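Colleague: return atomic coordinates for the entry below.
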Amino acid sequence: MSEVVTENRLKEIKRGFAAGLNRGDLGLHAEDVKRLISEIERFQQKDGLRTREHNILVQENRNLTATIA
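Modeller: Take a look at the predicted model:
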């Protein structure tokens, strides 16, 4: 995934997670998940929200960390 994520790609990722797909199904690498989590957390600090997509990304990151360890 490139440094700049288009709005359409973010919508595609959101729809994929809502449909129960995982990061691999969506073509996301570990670095992508970590970067997306950071972006979502930054927006949440601004909006004070915690979304289902964020929770899924955090769980994916935990799974990656457990797999690597």
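
Colleague: what's Leu28 sitting at in phi/psi?
Modeller: Torsion angles at Leu28 (phi, psi; degrees, to the nearest 10) stand at phi -100, psi 140.

Colleague: over to the one 10 residues further on?
Modeller: Geometry field for Ser38 lists phi and psi as phi -60, psi -40, criterion degrees, to the nearest 10.

Colleague: ok, now Gly24?
Modeller: According to degrees, to the nearest 10, Gly24 has phi -60, psi -40.

Colleague: who's in contact with Ile13?
Modeller: Counting by C-beta atoms under 8 Å, 6 or more residues apart in numbering, Ile13 touches 26, 28, 36, 53. Heads up, the C-betas are built off the backbone N, CA and C, glycines and all.

Colleague: who are the contact partners of Glu53?
Modeller: 13-14, 17-18, 40.

Colleague: can you give me the helices for the protein?
Modeller: 7-18, 30-47, 52-68 (DSSP state H).

Colleague: list the buried residues for the second one?
Modeller: I take that to be helix 30-47. Buried positions in helix 30-47, judged by neighbour count with 16 or more other C-beta atoms under 10 Å: 32-37, 40.

Colleague: one more: the shortest one?
Modeller: In terms of neighbour count (16+ other C-beta under 10 Å), helix 7-18 has its buried residues at 13, 16-17.

Colleague: quick check: which ranges of the chain have low pLDDT?
Modeller: Residues of the chain meeting the criterion pLDDT under 70: 1-4, 44, 46-51, 68-69.

Colleague: fine by me, thanks again.
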